[in-house]
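>>> Take this sequence and fold it.
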Amino acid sequence: MSELTAENRVEHWRQTKRLMIIHLSVWFVFAYVVHWFAVPLNNINFFGWPLGYYMSAQGSLIVFVVQLFLFNRQQHAIDTKFGVAEDQA
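From the prediction side, this is the model:
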């Protein structure tokens with residue numbers, strides 16, 4: 001790992017913070033907002049199940065797992081760009 005300059009450190013944190021805020025916003029939507037609107041969503045069917053039920057039981061969990069892998073890939077790209085990625089030794 002290389003040492004970051006002051007400018008690179010600020011830019012690295014700016015990009016990391018932006019990525020974190022985006023992923024936390026997506027998490028909030030699928031953890032809370034979808035469940036708040038579960039009753040109106042139940043009027044829509046998804047594979048034979050009410051959409052509100054499906055999103056509560058399965059959809060949110062799928063989004064969380066996919067989001068975990070996306071966040072890891074995106075953060076690694078930021079770290080690699082600034083030369084602070086962990087070595088794969």
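>>> Got phi/psi on residue 46?
Backbone torsions of residue 46, given as degrees, to the nearest 10, read phi -130, psi 110.
>>> helix, strand or coil for the closest residue to it other than its chain neighbours?
Taking Cβ to Cβ, 6 or more residues apart in numbering as the measure, residue 46 lies nearest to residue 54, with 4.8 Å between them; neighbours along the chain are not counted. The way it works is simple: take the backbone N, C-alpha and C, and place the C-beta from them, glycine included. Secondary structure state of residue 54, per DSSP: H, G, I helix; E, B strand; the rest coil, is helix.
>>> any idea which element the residue nearest the centre of the chain lies in?
For the chain, the residue nearest the mean C-alpha position is residue 23 (3.4 Å; Cα atoms, centre = their mean). Per DSSP states H and E, residue 23 falls inside helix 6-28.
>>> picking up where we left off before, cross-check the contact I'm expecting between the residue nearest to residue 46 and residue 47.
Yes: Residue 54 is in contact with residue 47 according to Cβ atoms under 8 Å; the separation is 7.2 Å.
>>> quick one on the thing from earlier: name the element the residue lying closest to the residue nearest to the centre of the chain once chain neighbours are set aside belongs to?
Of all residues not flanking residue 23 in the chain, residue 71 sits nearest, at 5.1 Å (Cβ to Cβ, 6+ apart). Using DSSP H and E, residue 71 sits within helix 60-81.
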